[in-house]
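[1] sequence isn't available, so here's the structure alone:
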C-alpha cells in the first residue's frame, strides 16, 4: 500500500491556500455571473449515457441547490485522468475538482475500503444498500479521508461483479483453473482468484478491451453495467453470474478543497451527493435485466444456481482469515460484524 498523506503535500497546500484566499467570505464567493466551476473527470461517454444517472443527477441538483452559483463541467471518458495514480494526483494538485472511481482501486492508498473486496462478504443487494447509506459506508469514507486527504462524497451501487471469458463457461470453481483473468491491482482480488485456481492479471482498465480482443488475457470481472457499457461482451464468449464481489462506485474530492468551500455550497454538495447515490441505485436496479437481455445476443450467459454459488463461497470464505490479516483483523472484524448485524436484522 502506498503510504501517502496527500493533505500535507506542497501541491495540495498551494491549492488550499489559493482557494481559501479566493473564497474567504461569502462576499468573495461565487455568483451566477461568476460561478464556481467544478471540473468532473468521469468514465461516462456523455450525459445520459448508460451508467451516467448518478453523475447527471449530481450536476442537476448541485446547480439547482446553488441557484447556478456552482457549475459542474464534465470531462468524459476520464480524459483528465485514467488511472488511480492520475486521479488521486489530479485531485491533490488541483488539476480537477471531482472524479468518479471504483473504491476497489484505492487499495494501494488506503485499506479503508478493503473490506468491500472480500469475496462474498456482501450477501445481497438489500444488505449492500444499507452499507451504502449507513454507518458502515461512513466509517470507511472517514478513514479514507484521514489516510489520504481525499473525501468520498458518496458511494453508490455498481452491482455485483461477474466473470466473462473467451475459453469456457464458468460453472464451478475448477472452470477457472489456469485462466488469465484481468483484475484490479488489489491484493484481495488477487488472493480470491488465486484461490479459485485462476491466474489473476492486474491491468489498467483503459487497456482492457484491447487486451481481451487480442487474447492477452482470457477474461475479466466487472459488474453487469460495466460489461455492457464497455462492450466487453463483443470480445468475450461467456458471462457467468458468480456474484463474487459487490462493486461500489464513488465520487471523490480533495478534502481540504471541500472544507475551504462556503458552508452553503458544502451543504449543497452533500445533498446533491445523496440524490446522486439514490439515482445510481435506481439505475442499476431498473436496467440490469435489460442489459443482460441485450447481451444474450452476443455472449452465452450462465446464471449460477444458489448451490453452484455455494461452491465458490466455500472456497472464498476459507480465505477470509488471510484477507483479514491483509486488511487488519480488528478493522475487518468490526466491518464484518456490522454487515452481519444488518443481515440478521433484515431476516427478522
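    That came in fine, so what should we check first? This is a predicted model, so every value here is computed, not measured.

[2] for the stretch 201-348 of the chain, just list every one of the helices.
    If DSSP state H, counting those that start in this stretch is used as the criterion, the helices of the stretch 201-348 of the chain fall at 208-214, 224-229, 255-259, 263-295, 306-318, 320-327, 329-347.

[3] one more: the stretch 1-150 of the chain?
    Remark: helices of the stretch 1-150 of the chain, listed N- to C-terminal, are 10-22, 53-65, 84-93, 125-133, 135-148; assignment by DSSP H, counting those that start in this stretch.

[4] show residues contacting the fourth one.
    Contacts of helix 125-133 with the rest of the structure, by CB atoms under 8 Å, 6 or more residues apart in numbering, involve 116, 122, 136-137, 155-157, 246, 248, 277, 281, 285, 339, 342-343, 346. Glycine gets a C-beta too; all of them are placed from N, C-alpha and C.

[5] and those, which of them are buried?
    Judged by neighbour count, with 16 or more other CB atoms under 10 Å as the criterion, the buried members of the contacts of helix 125-133 are 116, 122, 136-137, 155-157, 246, 248, 277, 281, 339, 342.

[6] of those, closest to residue 68?
    Nearest to residue 68 among the buried ones among the contacts of helix 125-133: residue 277, at 23.1 Å, using CB to CB.

[7] how near is residue 201 to residue 174?
    19 Å (CB to CB, to the nearest Å).

[8] what about the two, which has more around it?
    residue 201 (18 against 10; other CB atoms under 10 Å).

[9] isn't the more buried one up against residue 184?
    No. The criterion here is CB atoms under 8 Å, and residue 201 misses it with residue 184 at 10.6 Å.

[10] residue nearest the centroid of this protein?
    Centre of the chain computed as the mean C-alpha position; nearest residue by CA atoms, centre = their mean is residue 102, 2.1 Å away.

[11] tell me what that one is bridged to.
    Listed beta-bridge partners, residue 102: residue 249 (assigned using DSSP bridges).

[12] residues contacting it?
    Residue 102 makes contact with 158, 184, 247-250 under the criterion CB under 8 Å, 6+ apart.

[13] now do the same for it: its pLDDT.
    At residue 102 the predicted local confidence, pLDDT, stands at 92.

[14] on that earlier part again, so which of the contacts of residue 102 sits lowest on pLDDT?
    Taking pLDDT as the measure, the contacts of residue 102 have their low point at residue 184 (90).

[15] contacting residues around it?
    If you count contacts by CB under 8 Å, 6+ apart, residue 184 has them with 102, 104-105, 107, 202, 205.

[16] ok, 7 Å please
    For residue 184, the set of contacting residues under the criterion of CB atoms under 7 Å, 6 or more residues apart in numbering consists of 104-105, 202.
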